[in-house]
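Q: What shape does this take:
(one chain, ligands or ions: 2)
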Amino acid sequence: MGFDTSGLLPLSDALQGMLEQLACCCDTEQLPLPEALGRILADDIASPLSVPPFDNSAMDGYAVRLADLAAGTPLIMAGKAFAGQPYQGEWPAGHCVRIMTGAPVPAGTDAVVMQEETRADGERITFLCQPVPGQNIRRAGSDMAKGACVLGAGTRLTPREMPLLASLGIATVSVRRPLRVAIFSTGDELKPVGTPLAHGDIYDSNRYGVKAMLARLGCDCLDLGIQPDNPDLLRAAFIRADQEADVLITTGGVSVGEADFTKQLLDELGEIGFWKLAIKPGKPFAFGRLPHAWFFGLPGNPVSAMVTFDQLVQPALAKLAGQRFERPLQLQAVAAEPLKKSPGRLDFQRGILCQGPSGLEVRSTGSQDSAVFSSLSRANCYIVLERERGRVAAGETVTVEPFGGLLL
Ligand code: AMP
Ligand code: MG
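A: Ligands and ions are numbered 1, 2, ... in the order given. Here you go, the predicted structure:
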């Protein structure tokens with residue numbers, strides 16, 4: 001596929017190489033608003049109305065005209081305006097209107113004076129402060145103007161978007177169908193949880209991690225279980241995944257010891273590149289195309305599998321699903337202790353970020369071996385150490401990336 005597999009491939013090149021080839025493959029469907037949570041908007045949403053729809057009061061107080069206040073004498077209350085019950089009576093000179101938060105301001109209102117800045121003596125209201133024009137009035141369209149684009153296509157609908165769409169009166173939204181992702185783990189040593197282990201066996205942990213991350217991304221998952229290192233069974237699993245899903249993600253079987261075997265099979269079925277990425281953890285990685293589905297082959301080591309999924313597969317799946325993707329924020333923090341690092345690869349070390357007395361501080365979670373899963377579980381961030389950087393001394397500034405929604 002034209003990828004350089006001779007040396008170590010920088011993460012950014014790998015990502016760019018993949019994203020260039022991928023396009024959204026998910027059709028659209030119409031869903032009632034409550035069912036669209038977690039889905040991706042297929043179209044821009046233009047506001048069908050102004051929000052708020054009318055000028056209204058931001059306070060409980062009195063609607064006034066500045067000309068009436070000029071005399072400096074108390075104003076007489078002409079009536080009351082409540083949310084949902086506008087004041088519809090006359091508003092003679094020298095009068096004010098009692099108004100509650102959210103009530104439409106009567107025509108001619110210059111300002112709303114909050115109750116605390118007035119003194120009431122029966123119907124006679126004394127104003128203790130001089131209001132400025134427009135004070136405490138929420139103008140029609142000041143939140144969202146009619147016709148303005150309020151959410152772009154590709155936005156994932158979170159609990160933050162639901163009330164916004166409801167405020168616009170939108171009952172049905174056009175969203176992408178979920179991406180269908182088939183997964184399996186490879187390895188003769190792997191056993192599913194709930195079964196006993198023989199000597200030499202380990203539990204298949206990757207599939208549970210990958211499945212959980214796919215759930216966070218809103219993908220439909222087709223779980224093809226554990227596939228032994230057997231060419232015929234593997235071929236059948238590849239073919240089934242290709243027929244039933246948009247994407248296949250496997251873990252294991254892409255490192256040097258096994259790549260030749262998996263490679264043979266994948267070369268027979270599709271066009272797959274095997275990469276050695278210049279990142280740690282997660283060096284071996286495979287990407288390519290089966291006849292119908294895209295293929296991502298993650299390394300077998302559990303931490304490598306999670307990190308490559310997060311850093312590489314997540315943005316690729318977003319593009320296939322039609323989602324606009326933004327990487328989580330990166331911050332600067334002070335290393336509270338020395339960090340081991342050799343130049344040559346971009347490190348995603350697992351760290352614990354906290355607020356120290358003079359700013360953000362980060363510590364390592366301990367062993368950074370890619371087989372040590374507890375290092376990921378205890379972490380709340382990556383410590384991102386540049387490719388050419390060596391050992392980090394305590395007190396040096398480092399880049400940290402707090403875990404995003406995928407890992408929380
Ligand atoms: P591989 O990439 O298949 O050579 O595997 C590298 C290491 O990761 C080996 O120690 C495997 O036993 C381990 N491994 C592979 N797949 C899994 C899995 N699904 N769950 C836990 N460990 C795995
Ligand atoms: Mg293996």
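Q: Can you report how many residues lie near the residue in the stretch 51-200 of the chain that ligand 2 sits nearest to?
A: Per CB to the ion, residue 187 is where the stretch 51-200 of the chain lies closest to ligand 2, at 3.8 Å. Where C-beta positions appear, they are placed from N, C-alpha and C, glycine not excepted. Each residue near residue 187 was counted by other CB atoms under 10 Å, and the total is 19.
Q: again, but for residue 332
A: Neighbour tally, residue 332, other CB under 10 Å: 11.
Q: Could you tell me which residues make contact with the closest residue to residue 28 other than its chain neighbours?
A: Excluding its sequence neighbours, the residue lying closest to residue 28 (CB to CB, 6 or more residues apart in numbering) is residue 42, at 3.9 Å. Contacts were defined as CB atoms under 8 Å, 6 or more residues apart in numbering; by that measure residue 42 touches 28, 153, 174, 175, 176, 322.
Q: Buried residues in the host helix or strand of the fourth one, which are they?
A: Taking DSSP states H and E as the definition, one finds residue 175 inside strand 172-176. Under the neighbour-count criterion of 16 or more other CB atoms under 10 Å, strand 172-176 has 173, 175, 176 buried.
Q: just checking: which of those also lie near ligand 1?
A: Of the residues in the buried residues of strand 172-176, proximity to ligand 1 by CB under 6 Å from any ligand atom holds for none.
Q: For this structure, which residues are neighbours of ligand 2?
A: 187, 252, 253, 300 (CB under 5 Å from the ion).
Q: Could you count how many residues lie near the last one?
A: It stands for residue 300. 24.
Q: Please, which helix or strand holds it?
A: Using DSSP H and E, no helix or strand contains residue 300.
Q: now it: how far from residue 252?
A: In this view, residue 300 and residue 252 are 3 Å apart by CB to CB, to the nearest Å.
Q: what's the overlap in contacts for the two?
A: 186, 187, 206.
Q: So which of those residues are in strands?
A: Secondary structure from DSSP state E places residue 186 of the shared contacts of residue 300 and residue 252 in strands.
Q: Contact partners for whichever residue of the stretch 201-350 of the chain sits closest to ligand 1?
A: With CB to the nearest ligand atom as the measure, residue 300 is the residue of the stretch 201-350 of the chain nearest to ligand 1, at 2.3 Å. Residue 300 makes contacts with 186, 187, 206, 251, 252, 253, 254, 255, as judged by CB under 8 Å, 6+ apart.
Q: Farthest-apart pair in these, please.
A: 206 and 255 (13.4 Å; CB to CB).
Q: Neighbour count: the two, which is higher?
A: residue 206 (29 against 18).
Q: For that one, give me its contacts.
A: By CB under 8 Å, 6+ apart, the contact set of residue 206 is 185, 251, 252, 298, 300, 302, 305.
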